[in-house]
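[1] pasting the sequence and the predicted model now:
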Amino acid sequence: MSYSPYLLKNQKALVTGASSGIGEAVARHLARAGASVVINYHSDAESARKIVADICNEGGQAIAIGANVASEDEVQAMFQEMYLQFGGIDILVNNAGIQKDAAFIDMSLHDWNLVIGVNLTGQFLCAREAAKEFLKRGVKPDISSAAGKIICISSVHEVIPWAGHVNYASSKGGIEMMMKSIAQELAPHKIRVNSIAPGAIKTPINKNAWDTPQAEAQLLKLIPQGRVGEPDDIGRAAVWLASDDSDYVNGATLDVDGGMTLYPGFADGG
């Protein structure tokens, strides 16, 4: 998809967990809309560098910075490196996330803490650093009508319970309330905070749910629209939330799920 290169012109964006899947698509779409983008990665430096090269070859600007978002020191170092190279931040997309699945009674404290640490605490740490910079800088009307934009990538499982994935669903439910609370606190300062809640998206993290015709057929029973989502579906939504086209949207969750949250089991009367 093509955008006006002026939509996010002169804006600096950080996308966490951007070396694959949803984060990669978001980073590519933001770059096509004119933003300079930091590709954050944890372990896959090679993929991150390839995405940077692709964006630069298309005429955009991007750099890769490695950091574990669950580490306060690494998050702060990542932001300082971004400021050194880009001079600031206008858009944060909190995307980094992991799954460590188990039946509830078999779930280890380590796997509980690991998922909460990356998925929820990681978003807190990154949002806090971005908000500090937004508050210090304030609104620059020639850049955006907002002092800054934070987009939290959540999941339909912030509202849909998910047996066997208690740590993951709990982290996503936490993101919803964290996002709304941050939005309420920062709105008077012209900082917008919103979420995107993807449904079933074709990414490596859930490949076994869609990679065969049989698996995809089962998955489609949960999706009224009749197709599994693509990472680009989330990328387009992120561009809209990052742009002034959504200036009056604050504290909202945008479900991008093909209708998964419409309780499709009740389509025929339950």
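    Happy to help now that I have it. Numbers count the residues shown, from 1 in each chain.
[2] what's in contact with stretch 73-93?
    Applying CB atoms under 8 Å, 6 or more residues apart in numbering, the contact partners of stretch 73-93 are 8, 11-16, 18, 23, 26-27, 30, 35-36, 38, 40, 63, 65-69, 122, 125-127, 129-130, 133-134, 137, 143-144, 148-151, 153, 238, 242. Backbone N, C-alpha and C define where each C-beta goes, glycine included.
[3] in helices only, show me the residues you listed.
    Using DSSP state H, 23, 26-27, 30, 122, 125-127, 129-130, 133-134, 137, 238, 242 are the members of those that sit in helices.
[4] residues near the closest residue to His42 other than its chain neighbours, how many?
    Excluding the flanking residues, the one nearest His42 by CB to CB, 6 or more residues apart in numbering is Asn68, at 5.6 Å. Asn68: 18 surrounding residues under other CB atoms under 10 Å.
[5] likewise Met260?
    22.
[6] Val159 is in contact with that one, correct?
    No. The pair Met260 / Val159 is not scored as a contact, 10.1 Å apart, by CB atoms under 8 Å.
[7] hang on, the earlier thing: what subset of the contacts of stretch 73-93 is buried?
    Among those, those classed as buried by neighbour count (16 or more other CB atoms under 10 Å) are 8, 11-16, 18, 23, 26-27, 30, 35-36, 38, 40, 63, 65-69, 122, 125-127, 129-130, 133-134, 143-144, 148-151, 153, 238, 242.
[8] quick one: the helices in the stretch 51-200 of the chain?
    72-86, 109-116, 122-137, 166-186 (DSSP state H, counting those that start in this stretch).
[9] list the contacts for Thr10?
    Heads up, residue 10 is Asn, not Thr. Going by CB under 8 Å, 6+ apart, Asn10 touches 34, 142-143.
[10] specify which member of those is nearest to Phe104.
    When these are compared for distance to Phe104 (CB to CB), Gly34 wins out at 45.5 Å.
[11] kindly reformat the helices of the stretch 51-200 of the chain as TSV and extend each row with distance to Ser47 and mean pLDDT.
    Listed next are those as TSV, based on distance: least, CB to CB, whole Å; pLDDT from 0 to 100:
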stretch	distance to Ser47	mean pLDDT
helix 72-86	17	98
helix 109-116	22	98
helix 122-137	19	98
helix 166-186	23	98
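[12] next, format the ones you listed as JSON lines and append distance to Pro231.
    Shown next, in JSON lines, are the helices of the stretch 51-200 of the chain (distance: least, CB to CB, whole Å):
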{"stretch": "helix 72-86", "distance to Pro231": "23"}
{"stretch": "helix 109-116", "distance to Pro231": "21"}
{"stretch": "helix 122-137", "distance to Pro231": "19"}
{"stretch": "helix 166-186", "distance to Pro231": "18"}
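[13] quick revisit: need the max-distance pair from the ones in helices among the contacts of stretch 73-93.
    Longest span within these, CB to CB: Gly23 and Arg137, 24.7 Å.
[14] contacts only, for Leu30.
    Leu30 is in contact with 8, 13, 15, 37, 91, 93, 235, 238-239, 242, counting by CB under 8 Å, 6+ apart.
[15] go again with 6 Å.
    Contact partners of Leu30, counting by CB atoms under 6 Å, 6 or more residues apart in numbering, are 13, 37.
[16] look at it and report its pLDDT.
    According to the prediction, Leu30 has pLDDT 98.
[17] ok, Ser4 next?
    On the pLDDT scale, Ser4 is placed at 76.
[18] name the SS class of it, please.
    coil (DSSP: H, G, I helix; E, B strand; the rest coil).
[19] and stretch 57-65, what's buried?
    Within stretch 57-65, judged by 16+ other CB under 10 Å, the buried ones are 60, 62-65.
[20] what's the first-to-last distance across that stretch?
    Using CA to CA, to the nearest Å, one end of stretch 57-65 lies 19 Å from the other.
[21] which residues touch that stretch?
    Residues outside stretch 57-65 that contact it (CB under 6 Å, 6+ apart): 31, 36-40, 48-49, 52, 55, 78, 81, 85.
[22] any idea which of those residues is closest to Lys207?
    Closest to Lys207, out of all of the contacts of stretch 57-65 and judged by CB to CB, is Ala48, at 20.0 Å.
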